[in-house]
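**Q** Show me how the following folds:
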Amino acid sequence: MLKRLTILFFLAVLVPRLQAQPEFVTTHSLSKQFVIYGPKEAPKKLRMGRTPLDPALTAVSCERIKQAVLVEIGGMEQWRLSNQQIGNIYVVLHPALNQEAVITPIRGTKCFTYRVDLPNEIEPARLVEAITHAVLLELVNRHTSEQVTQIPLWLAKGVSAQVQAVAPESLVLEQHKSQGLVPSSPIASVNGKLKIDPLHGIRETLQHCNPLSFDELCWPGTLTAERASHFEPCAQLFLYELLRLKNGRVCLMKMLGDMPNYLNWQIAFMQAFSPHFKQAVDVEKWWSLTLVNLTGRDPSRIWSREQSIERIDAVLRISVRDATPGSGDSSLQGIISTWEPARQKPVLMKILGQLRALRTRLQPESVALADEYCHALEACLKNGQKDPVFLLRAFSRNDAAEVRQLTCAKIDQLDQKRAALRKKAHPSTREEAILSALEIATPRKSPSSKQ
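**A** Numbering: from 1, shown residues only. Below is the predicted model of the structure:
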């Protein structure tokens, strides 16, 4: 009797656990290059921003990503006509949420194959990046089975970001969106999205940061955390502009084909793009000109943090002083809180124009500060516009006073932020640092006067 009870107890505990184990299946993509292994059913409960993956839909997504990558870099014809052995890419989906995206090259008898480990729920951008990296690795190493040639990070990040920019919705197929899909070529879907401006997000990002140099793109391991956060948009722009060069895609494919012949990719890059660049300094000059054309900000002419704060100080101090000669209250807050709109408008408009004129040469932190001053002044000017109906103007007086009060409070906050940036930009003696933090509008001493 005791033996039966023991058996029943173990069956009651173990059977539900065995039944709860997911069923794993293997699926091949249409081209047979991708082999997907993972739980048959995608997870039902998802974290925010993640997409569920099952082998069937992942196989379709991988093919779409590969097609988009080949179209973008101009490698489709080479892929079709290649007589070389094409390496398989094995994608393993893990139920574990903490699974990192890992790509492992595996040496074969004729060519390398690649294993890509992924969680079975993932952010779409991470999936595109991992498969893009694997496709580029396979393309570069197709002609060798001796040693894996790694690709530069700017290329992997740049291609991944570019294909997402031109075809963001057609790459990763989700189960709830798969019903009713019209069968079509992924290439046609990608070409249908080429009218989208792929640089829209890059313009917004690079307007508020100092873009990476060519040297920083070559050696991303030396970047600080702040600079590393700007790597992907700079890599995408760098790739985009390379492909726009005459025969840019031909040069890029030549670079990929030659990379296994050299110890580092820089030599292959210079050889492939030799019609455009004779030496590395030519690439740096071209890249600087590209950044100027895109953002209007020449990296070589951007002021330091100290110079940027000094220029903002001068605009605010001189404009206010000229507008209030001999006045007891010569602060910007005084103008906003006490002057009539008709009188304060030309002063605020002058300050706005001068701050905007500085923007192209300000250091990134100072650009953000100048923009905040502009937003505050624009809100004040908008509030000062006359209402067309007298009754509306009468009823809005209290609101106008509240807006002026809020604007002055915002200017106070920005002045404190400006003082903190000035202190950060000018680490001199303790006494001078305290003085500059307290006396916001006090002119800085010239270097020649310090002994």
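**Q** residue contacts, residue 308?
**A** 358, 361-363, 365-366, 425 (CB atoms under 8 Å, 6 or more residues apart in numbering). Quick note: C-beta positions are derived from backbone N, CA and C, even for glycine.
**Q** and it, what element?
**A** Assessed by DSSP states H and E, residue 308 sits inside helix 305-323.
**Q** mind listing what's buried in the helix or strand just after that helix?
**A** The first helix or strand that comes after helix 305-323 along the chain, using DSSP H and E, is helix 332-338. In terms of neighbour count (16 or more other CB atoms under 10 Å), helix 332-338 has its buried residues at 332-333, 335-337.
**Q** Which strands and helices lie in contact with the helix or strand following helix 332-338?
**A** Proceeding N to C from helix 332-338, the next assigned helix or strand is helix 341-358, under DSSP H and E. With contacts taken as 3 or more CB pairs under 8 Å, 6 or more residues apart in numbering; DSSP states H and E, helix 341-358 sits against helix 305-323, helix 332-338, helix 364-383.
**Q** Would you tell me which of these gets closest to residue 73?
**A** helix 364-383 (31.2 Å; CB to CB).
**Q** Alpha carbons of that closest one, as CSV, please.
**A** C-alpha atoms of helix 364-383 as CSV (Å, rounded to 0.1, in the frame of the first residue of the first chain):
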residue,chain,number,x,y,z
PRO,A,364,26.4,69.6,-27.4
GLU,A,365,25.5,70.3,-23.8
SER,A,366,25.4,74.0,-24.5
VAL,A,367,23.2,73.4,-27.6
ALA,A,368,20.6,71.8,-25.3
LEU,A,369,20.9,74.7,-22.9
ALA,A,370,20.5,77.3,-25.6
ASP,A,371,17.5,75.4,-27.0
GLU,A,372,15.8,75.5,-23.6
TYR,A,373,16.4,79.3,-23.3
CYS,A,374,14.8,79.6,-26.8
HIS,A,375,11.8,77.5,-25.9
ALA,A,376,11.2,79.6,-22.7
LEU,A,377,11.4,82.9,-24.6
GLU,A,378,9.2,81.6,-27.4
ALA,A,379,6.5,80.7,-24.9
CYS,A,380,6.7,84.2,-23.4
LEU,A,381,6.5,85.8,-26.8
LYS,A,382,3.5,83.7,-27.7
ASN,A,383,1.8,84.7,-24.5
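**Q** what angle separates it from helix 341-358?
**A** Here the directions of helix 364-383 and helix 341-358 differ by 160 degrees (axes from the mean of the first three to the mean of the last three CA atoms, to 10 degrees).
**Q** Which segments of this structure make up each domain?
**A** The chain breaks down into these domains under automatic domain parsing: 21-42+49-195, 199-298, 302-442.
**Q** Which one of those domains has the poorest average confidence?
**A** Mean pLDDT values for the domains of the chain show the minimum at domain 302-442, a mean of 73.
**Q** Now for residue 221, how many residues are close by?
**A** Neighbour count for residue 221, taken as other CB atoms under 10 Å: 6.
**Q** Distance of it relative to residue 155?
**A** 15 Å (CB to CB, to the nearest Å).
**Q** do the same with residue 29
**A** Distance from residue 29 to residue 155, by CB to CB: 23 Å.
**Q** So for the two, which residue has more residues nearby?
**A** residue 155 (25 against 22).
**Q** My guess is the more buried one contacts residue 139. True?
**A** No. Between residue 155 and residue 139 there is no contact under CB atoms under 8 Å: 10.9 Å.
**Q** Name the residue closest to the centre of this structure, please.
**A** residue 233 (4.4 Å; CA atoms, centre = their mean).
**Q** and that residue, what does it touch?
**A** Counted by CB under 8 Å, 6+ apart, residue 233 has contacts 161, 201-202, 205-206.
**Q** Quick one: neighbours of the residue nearest to residue 223 when sequence neighbours are not counted, just the number.
**A** Using CB to CB, 6 or more residues apart in numbering and skipping the chain neighbours, the partner closest in space to residue 223 is residue 216 (6.1 Å). Neighbourhood size, residue 216 [other CB under 10 Å]: 17.
**Q** Next up, the contacts around residue 216.
**A** 222-223, 227, 234.
**Q** what helices or strands is the longest strand anywhere in the chain leaning on?
**A** Across the chain, the longest stretch assigned as strand under DSSP state E is strand 112-119. Applying 3+ CB pairs under 8 Å, 6+ apart, one finds that strand 112-119 contacts strand 89-94, strand 102-107, helix 124-140.
**Q** re earlier: turn the helices and strands packed on helix 341-358 into a markdown table, columns for distance to residue 345.
**A** Converted to a markdown table, the helices and strands packed on helix 341-358 look like this (distance: least, CB to CB, whole Å):
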| stretch | distance to residue 345 |
| --- | --- |
| helix 305-323 | 11 |
| helix 332-338 | 10 |
| helix 364-383 | 6 |
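**Q** Name all residues that make contact with residue 127.
**A** 51, 53, 61, 65, 101, 118, 172.
**Q** does the fifth one really touch residue 129, like I thought?
**A** So the one you mean is residue 101. Yes. Using CB under 8 Å, residue 101 makes contact with residue 129 at a distance of 7.4 Å.
**Q** quick one, which of the two is more surrounded?
**A** residue 129 (21 against 17).
**Q** re earlier: okay, buried residues for whatever helix or strand the residue nearest to the centre of the chain lives in please.
**A** Using DSSP H and E, residue 233 maps to helix 231-244. Applying a neighbour-count criterion of 16+ other CB under 10 Å, one finds 231-243 buried in helix 231-244.
**Q** what's the next secondary structure element after that helix?
**A** helix 248-258.
**Q** That next one: what's the following helix or strand?
**A** With DSSP H and E, the next secondary element past helix 248-258 is helix 265-272.
**Q** which other helices and strands contact that following helix?
**A** Using 3+ CB pairs under 8 Å, 6+ apart: helix 265-272 touches helix 248-258.
**Q** now what about the helix it packs on, what contacts it?
**A** 73-75, 78, 136, 139-140, 143, 151, 242-243, 245, 265, 268-269, 271-273, 275-276.
**Q** Keeping just the C-alphas, turn that helix into PDB.
**A** The C-alpha trace of helix 248-258 is given here as PDB (Å, rounded to 0.1, in the frame of the first residue of the first chain):
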ATOM      1  CA  GLY A 248      29.900  52.600 -53.700                       C
ATOM      2  CA  ARG A 249      28.300  49.300 -53.500                       C
ATOM      3  CA  VAL A 250      30.800  47.700 -55.800                       C
ATOM      4  CA  CYS A 251      33.600  49.100 -53.600                       C
ATOM      5  CA  LEU A 252      31.900  47.700 -50.500                       C
ATOM      6  CA  MET A 253      31.500  44.200 -51.900                       C
ATOM      7  CA  LYS A 254      35.200  44.300 -53.000                       C
ATOM      8  CA  MET A 255      36.200  45.200 -49.500                       C
ATOM      9  CA  LEU A 256      34.100  42.300 -48.100                       C
ATOM     10  CA  GLY A 257      35.700  39.900 -50.600                       C
ATOM     11  CA  ASP A 258      39.300  41.100 -49.800                       C
END
